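Engineer: Below are the sequence and a predicted model for it; my questions follow.
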Amino acid sequence: MVIFIFCLAGESIAQDDLPLLDLDTPVRLNFSGSWEKDFTRSDNWEDELNRVMRMRQEQAAAQVAGIRPLSRPRVSIGNINLNSSRSRSNFVNLARVAEYISRQTTMEIIQNRNEVRVERKGEAPLICGMETGPTPTFSSPHGSEFCGWNRLQLIFEITLPEQLYITHQFSVSANGSSLQLITSIQNGDGIPFNLRQTYNKYEAPPEEYNCIQTISRGRVCSQRTPLD
């Protein structure tokens, strides 16, 4: 009898140690980890530019022939539409901007119950809370930024002068080993240029080593110098 009572007491203590499920806190996928670009599964900006330009030429020819092009589903956060059928921007310049801001080969993502933080070398971190709905994160005369969650995607949108919009859409695979980042550049209500990149999770090297991911040789590491 004493043993039975002791077992019941032990089960009670174990149940008390279990975390309570907070139904008011939205469930978010885990983006945390060190990520390196997979060049074989990522867009090349020049190839993507040529592909989009061919599609636009085909659509223009179809309109001349009286064929109505198929409509595309729109992606939006809040009241900002990320896809538009009209175009008035220099598409080549948009593609070059997308390539420039996507130049990093690695990134570090730190995530807890309150926020997710995306660290990229040479860039300001992208930080977002876990709340539902668009959240302003930065605003100044030079531009503004807000973030939000679209189902399982983490989305940042940056608005710069002259109606230039930069959007980052993050999504992670179910097993947490692969991450996809779609960067969109849009001028006004023109057609956005989208650049899709895939990252694989990896074990980051010690801080005394500086590593880069290359197309031909894979990951190349060298020991840091005091000036790095």
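Structural biologist: Perfect, I can see it now. Numbers count the residues shown, from 1 in each chain.

Engineer: Only C-alpha atoms from now on, for both contacts and neighbour counts.
Structural biologist: OK.

Engineer: could you pull out the strands for the protein?
Structural biologist: Applying DSSP state E to the chain gives strands spanning 33-37, 76-77, 80-81, 106-111, 115-119, 126-129, 135-140, 143-150, 153-160, 164-172, 178-187, 193-202, 209-214, 218-223.

Engineer: residues in contact with the fourth one?
Structural biologist: Around strand 106-111, the neighbours that count as contacts under CA atoms under 8 Å, 6 or more residues apart in numbering are 30-37, 116-121, 212-213.

Engineer: thinking again about what came up before, put together TSV for the strands of the chain, with mean pLDDT and distance to Ala61 on each row.
Structural biologist: Below are these laid out as TSV (pLDDT from 0 to 100; distance: least, CA to CA, whole Å):
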stretch	mean pLDDT	distance to Ala61
strand 33-37	95	37
strand 76-77	36	29
strand 80-81	39	26
strand 106-111	95	41
strand 115-119	95	42
strand 126-129	94	41
strand 135-140	88	41
strand 143-150	92	35
strand 153-160	94	33
strand 164-172	94	28
strand 178-187	93	23
strand 193-202	94	20
strand 209-214	66	40
strand 218-223	66	42
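
Engineer: would you list those strands in a markdown table and tack on distance to Val97?
Structural biologist: As requested, the strands of the chain are exported to a markdown table (distance: least, CA to CA, whole Å):
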| stretch | distance to Val97 |
| --- | --- |
| strand 33-37 | 18 |
| strand 76-77 | 21 |
| strand 80-81 | 20 |
| strand 106-111 | 18 |
| strand 115-119 | 19 |
| strand 126-129 | 18 |
| strand 135-140 | 21 |
| strand 143-150 | 16 |
| strand 153-160 | 13 |
| strand 164-172 | 9 |
| strand 178-187 | 8 |
| strand 193-202 | 10 |
| strand 209-214 | 20 |
| strand 218-223 | 25 |
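
Engineer: Just to check, Leu181 is in contact with Asn200?
Structural biologist: No: counting by CA atoms under 8 Å, Leu181 sits too far from Asn200 to count as a contact (11.3 Å).

Engineer: picking up where we left off before, okay if I get the strands of the chain as JSON lines plus distance to Trp45 and mean neighbour count?
Structural biologist: Conversion of these to JSON lines gives the following (distance: least, CA to CA, whole Å; neighbours: other CA atoms under 10 Å):
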{"stretch": "strand 33-37", "distance to Trp45": "14", "mean neighbour count": "21"}
{"stretch": "strand 76-77", "distance to Trp45": "23", "mean neighbour count": "14"}
{"stretch": "strand 80-81", "distance to Trp45": "23", "mean neighbour count": "10"}
{"stretch": "strand 106-111", "distance to Trp45": "18", "mean neighbour count": "18"}
{"stretch": "strand 115-119", "distance to Trp45": "22", "mean neighbour count": "17"}
{"stretch": "strand 126-129", "distance to Trp45": "23", "mean neighbour count": "19"}
{"stretch": "strand 135-140", "distance to Trp45": "28", "mean neighbour count": "13"}
{"stretch": "strand 143-150", "distance to Trp45": "24", "mean neighbour count": "20"}
{"stretch": "strand 153-160", "distance to Trp45": "20", "mean neighbour count": "20"}
{"stretch": "strand 164-172", "distance to Trp45": "16", "mean neighbour count": "21"}
{"stretch": "strand 178-187", "distance to Trp45": "11", "mean neighbour count": "22"}
{"stretch": "strand 193-202", "distance to Trp45": "7", "mean neighbour count": "20"}
{"stretch": "strand 209-214", "distance to Trp45": "16", "mean neighbour count": "15"}
{"stretch": "strand 218-223", "distance to Trp45": "19", "mean neighbour count": "12"}
